[in-house]
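1. Test case, fold it:
(2 chains, ligands or ions: 2)
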Amino acid sequence: MSDTSNPIEALAAHHDSPGEPFYPKFATSPKLIKEAKKLVALYPEGKAQSAVLPIIHLVQKQFGFISDESQQWIAEMCKSSVIHVAGVVSFYPGIHRKCPGKNHVRVCRTLSCALGGGEEMFALLCDKMGIDTKSMSDDEPVGISADGIWSIEAVECLANCGFGPNVMVNDKLYSQVGEAKIDEIIAAHSN
Amino acid sequence: MSTTSTILPKDEAAAQGELNVQINGTWHRFAPGTRIADACNTVGAHVPCFCYHPKLAIAGSCRMCLVEQGMPPRLAPGQEPSYDAQGYQPLQWMPRAIIACANTVSENMGIRTTGNITAEARRGVLEFLLSNHPLDCPICDQAGECKLQEYSSDYGSGTSRFQEEKTKKGKNIDLGPRVNLDQERCVLCHRCVRFMRDIVGEEVLGAVGRGSNCAISCYPGLKLDSNYSLNTVDLCPVGALTSKDFRFKMRVWFLKSTPSIDVNCGTGSNISIWSREQEIYRLTPRQNDQVNSCWMPDSHRLNYKYINAEERILNPTVRTDIGAPQRESTWDACLKLSAEQLQKCEASKTAIIVSARMTNEELYLVRALAKQLGIKEIASVSRKGKSDGMLISADGNPNTTGEQMIIAEKATALEGICSGIKSGRITALLALGEDITAEAGLSADNIKNLDYLLTLAHSKNGTTELADVTLPGVTFAEKYGTMINVTGRIQRLNQAIEPIGNSRDDWSILRDLIILLGSEDEKLAALKSARDLVTIMADEFAAMAGLTWGSIGNDGKAIISTGVTIPLIEREQASK
Ligand code: SF4
Ligand code: SF4
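-> Ligands and ions are numbered 1, 2, ... in the order given. As a prediction, this is how the structure comes out:
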């Protein structure tokens, strides 16, 4: 058989995460199916596959990440194939194959934020949230704290370049983040 | 020059429904809708492509086919177009290259496949492809028929500027029962993905990951196990997908390819037989848009092992007395003995079972043999199955149409012969090209009823075990001949290897027997090859009128209309 570990298996493998207790386990419901069908209906007849990406977002929002079962379900909803869905999921780093923490923090690492000290903020945030920076790599871009409350990820742009460093917690954007602001941010999301 | 009095080339071309296109300085005409890549290739201006395949949806992803394009200048309002001495508008060349696969030709278009822009574009594409490529051609099974290797030598730079570490991906991945994947050698042309999705309709392959980590994969739990999976190996321009059956068996440059046809069903898919010396290493499909497009089923492709198998009969065998053991003999002695024995058989008590797996030429000689012996009862074994809706025909015999044309047996003939054998009405049988213990419905005990059994076979089987005389013929790879497929198309088999051992081409065995039995047909006696029989048969059968071996060609000729179609070809033509 294979000489090296088979990268194919990784496409469906489950990655344990301390964030899992904070999200519901993936399950379909009439409501979810209805929402997905609504997304499919936005595209012309026979082009259901176009809805793959919006449905991925829908699932990620509710369940935190895209599991093996959800890939299968998305393929079914979009009359597509599971390998196509896996292709889309693995293409975008913003789509998670592993459950993030209760609060997901995105830190911009692109030019103007980096010049403003984004990198230091990233390290500082990890430190305060109890995330081991060494646990992150190209293959594992998301770091998660042991208690599952926090997860962090470096992103390319948060569309607010004039006011870096930018940090986004869940859907809330914080700009001109310095050391003092970090404590505020953490406090605001800690309860 | 004055353009009002003469006809412009554009009008002349339009009148014939064509377009003028200048390729590397020379004007040519093409039908509208022709892809630039195809147009260039047909006039000898080679355009290298990885992802483009004429039978698959356009991907336009590899960028290898970049060419320079020129068009006539846009006219200002009121401005009249200008024409050169030949009547063409001047060309303005675009400063960047375009891809030749996804664009079609248009009137007064100019294409340049040589020059700095294309040379630089090709060199650049190859540099990117090679940056993460393993570059271990000496141990790669594709070497010698690899597009990346070819193009690198034709258009690449010869040196590498890549100092970084190459990306690691999966090696030797078991994609399916017959196909192996090396993700590092893949150039991500997506041909395999498109083939499985669009032609087979099983979307099991896809590309996952991004950038230099992008790789072809199945989803876990799914396998590339379609009966058409090996076509992806043919399509793969590099050594990423390889056939488990063929890989590492032989370097392709040692192989000789012989055009022939598949004999596993009535479709008669066109194939190439790849051999070295006396051994067959693989079969691959050969393009024929009327028969098999560019594909063939795996089950047929891999059914060649019997050619070089132990079971082949290498010498004629005879039984000199009833109950005596079979022993090997020489051709002269064996044929002489057979003729003597056959002459002793009473014609009314003798029957022939022929095979619709035989070529037209062999069947023609079987008919002549029957006539020579005065045998009236002759039948073949039919193999009706189910079509797979792609290329496998419901008819398991490759030459039913030819058999019907030549032998024209009665529909119930086989049952008559079988019951005759069981009842003892028939005492002698010639089983030619069929194992009558297999599909004819006769048991070994039934056969023991016979006083005399002569068989023509290439491999040992139930019949040869019981036969009084076994004449070793050859397999499809060792002979010339023609067959007519289910659609009524006559096609040629070509000899790839010499007959194995002391076996002999079936037609010559039959011919010699007919002559030994006293035929005075001079044409038969003078025959040197089965190929010449085509001309003789052309005089006799209306459907073959005017045909010669040469005129049939490698693509065959439709000669009979049977009304039967090949599902995959139907679909392909409907989608045009
Ligand atoms: S895929 Fe082609 S270029 Fe790559 S190692 Fe094999 S033969 Fe060489
Ligand atoms: S495996 Fe071969 S056919 Fe498939 S994308 Fe890669 S290079 Fe192309």
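2. now check the longest helix along chain B, is it near ligand 1?
-> In chain B, with assignment by DSSP state H, the single longest helix is helix B:116-131. No - Helix B:116-131 stays clear of ligand 1 (Cβ under 6 Å from any ligand atom), getting no nearer than 7.8 Å. Where C-beta positions appear, they are placed from N, C-alpha and C, glycine not excepted.
3. all strands of the stretch 451-576 of chain B, in order?
-> B:452-457, B:469-472, B:481-484, B:489-493, B:557-558 (DSSP state E, counting those that start in this stretch).
4. and the fourth one, how far out from the chain's middle?
-> Right, the one you point to is strand B:489-493. 11 Å (Cα atoms, centre = their mean, to the nearest Å).
5. Remind me what that strand packs against, helices and strands.
-> Strand B:489-493 makes packing contacts with strand B:256-261, strand B:481-484, helix B:549-552, strand B:557-558 when contacts are defined by 3 or more Cβ pairs under 8 Å, 6 or more residues apart in numbering or on different chains; DSSP states H and E.
6. can you pull the contacts of B:P567?
-> B:387, B:389-391 (Cβ atoms under 8 Å, 6 or more residues apart in numbering or on different chains).
7. rerun that using 6 Å as the cut-off
-> B:G389 (Cβ atoms under 6 Å, 6 or more residues apart in numbering or on different chains).
8. circling back to that earlier point, can you tell which of the strands of the stretch 451-576 of chain B is closest to ligand 2?
-> Of all those, strand B:489-493 sits nearest to ligand 2, with 29.0 Å by Cβ to the nearest ligand atom.
9. Pairing partners for the closest one, with directions?
-> When pairs are called by DSSP bridges, strand B:489-493 turns out to pair with strand B:481-484 (antiparallel), strand B:557-558 (antiparallel).
10. Helix, strand, or coil at A:V107?
-> strand (DSSP: H, G, I helix; E, B strand; the rest coil).
11. Tell me how many other residues crowd whatever residue of the stretch 351-500 of chain B ends up closest to chain A.
-> Chain A sits closest to B:M390 of the stretch 351-500 of chain B, with a gap of 19.3 Å, by Cβ to the nearest Cβ. Under the neighbour criterion other Cβ atoms under 10 Å in any protein chain shown, B:M390 is assigned a count of 22.
12. List the contacts of it.
-> B:M390 touches B:L568, counting by Cβ under 6 Å, 6+ apart.
13. how about 8 Å then?
-> By Cβ under 8 Å, 6+ apart, B:M390 lies in contact with B:200, B:228, B:295, B:297, B:567-568.
14. Identify the bridge partners of B:R489.
-> Under the criterion used here (DSSP bridges), B:R489 is bridged to B:A558.
15. For it, give me the pLDDT.
-> What the model reports as pLDDT for B:R489 is 98.
16. Number of residues surrounding it?
-> 24.
17. I figured it was touching B:G553, is that so?
-> No - judged on Cβ atoms under 8 Å, B:R489 makes no contact with B:G553 at a distance of 11.3 Å.
18. Tell me the one among the contacts of B:M390 nearest to chain A.
-> B:V200 (12.2 Å).
19. so what does the helix or strand bottoming out on mean pLDDT in chain A touch, helix or strand wise?
-> Every helix and strand in chain A was compared by mean pLDDT, DSSP states H and E; the lowest is helix A:179-190, with a mean of 90. Contacts defined by 3+ Cβ pairs under 8 Å, 6+ apart place helix A:179-190 against helix A:118-129, strand A:167-169.
20. Any chance of a markdown table for those, columns distance to B:Q495 and mean neighbour count?
-> Listed next are the helices and strands packed on helix A:179-190 as a markdown table, based on distance: least, Cβ to Cβ, whole Å; neighbours: other Cβ atoms under 10 Å in any protein chain shown:
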| stretch | distance to B:Q495 | mean neighbour count |
| --- | --- | --- |
| helix A:118-129 | 72 | 19 |
| strand A:167-169 | 72 | 21 |
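21. Need the ones you listed in a markdown table (columns: mean pLDDT and distance to chain B).
-> Shown next, in a markdown table, are the helices and strands packed on helix A:179-190 (pLDDT from 0 to 100; distance: least, Cβ to the nearest Cβ, whole Å):
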| stretch | mean pLDDT | distance to chain B |
| --- | --- | --- |
| helix A:118-129 | 93 | 22 |
| strand A:167-169 | 95 | 22 |
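22. Out of those, the one nearest B:K166 is which?
-> B:K166 sits nearest to helix A:118-129 of all the helices and strands packed on helix A:179-190, at 27.8 Å, using Cβ to Cβ.
23. Next, the angle from the closest one to helix A:179-190.
-> Here helix A:118-129 runs at an angle of 50 degrees relative to helix A:179-190 (axes from the mean of the first three to the mean of the last three Cα atoms, to 10 degrees).
24. so how many other residues sit close to the residue of chain A found nearest ligand 2?
-> Chain A approaches ligand 2 most closely through A:G87 (12.2 Å), counting by Cβ to the nearest ligand atom. Neighbours of A:G87 under the rule other Cβ under 10 Å: 24.
25. Export the helices and strands packed on helix A:179-190 as CSV, with columns for distance to ligand 1.
-> Listed next are the helices and strands packed on helix A:179-190 as CSV, based on distance: least, Cβ to the nearest ligand atom, whole Å:
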stretch, distance to ligand 1
helix A:118-129, 39
strand A:167-169, 43
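26. Distance to B:A100 for the ones you listed - can I get that in CSV?
-> Converted to CSV, the helices and strands packed on helix A:179-190 look like this (distance: least, Cβ to Cβ, whole Å):
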stretch, distance to B:A100
helix A:118-129, 44
strand A:167-169, 44
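27. Spell out which parts of the stretch 201-350 of chain B neighbour ligand 2.
-> Going by Cβ under 6 Å from any ligand atom, the residues of the stretch 201-350 of chain B near ligand 2 are B:216, B:235-238, B:240-241.
28. List just the nearest of those to B:C265.
-> B:L235 (22.3 Å).
29. give me every residue that touches the nearest residue to the closest one once chain neighbours are set aside.
-> Distances taken as Cβ to Cβ, 6 or more residues apart in numbering or on different chains place B:R191 nearest to B:L235, at 4.3 Å, with adjacent residues excluded. Contact analysis of B:R191 by Cβ under 8 Å, 6+ apart lists B:51, B:53, B:56, B:59, B:232, B:235-237.
30. any idea how chain A splits into domains?
-> Following automatic domain parsing, chain A resolves into domains at A:7-91, A:103-188.
31. Where do the helices of the stretch 301-450 of chain B begin and end?
-> Counting by DSSP state H, counting those that start in this stretch, the stretch 301-450 of chain B has helices at residues B:331-344, B:360-373, B:400-406, B:413-423, B:444-448.
32. Same list (these) but as TSV, adding mean neighbour count and distance to chain A.
-> Formatted as TSV, the helices of the stretch 301-450 of chain B follow (neighbours: other Cβ atoms under 10 Å in any protein chain shown; distance: least, Cβ to the nearest Cβ, whole Å):
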stretch	mean neighbour count	distance to chain A
helix B:331-344	16	49
helix B:360-373	23	45
helix B:400-406	24	38
helix B:413-423	17	47
helix B:444-448	13	43
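33. So which of those helices is nearest B:D38?
-> helix B:400-406 (33.3 Å).
34. show me what contacts A:S190?
-> Contact partners of A:S190, counting by Cβ under 8 Å, 6+ apart, are A:I149.
35. Once you drop chain neighbours, what's closest to the residue nearest the centre of chain A?
-> What sits nearest the mean C-alpha location of chain A, by Cα atoms, centre = their mean, is A:H96, with 4.1 Å. Excluding the flanking residues, the one nearest A:H96 by Cβ to Cβ, 6+ apart is A:F65, at 4.1 Å.
36. ok, B:T535 touching B:G550?
-> No - when contacts are counted by Cβ under 8 Å, B:T535 is not listed as touching B:G550 (9.8 Å).
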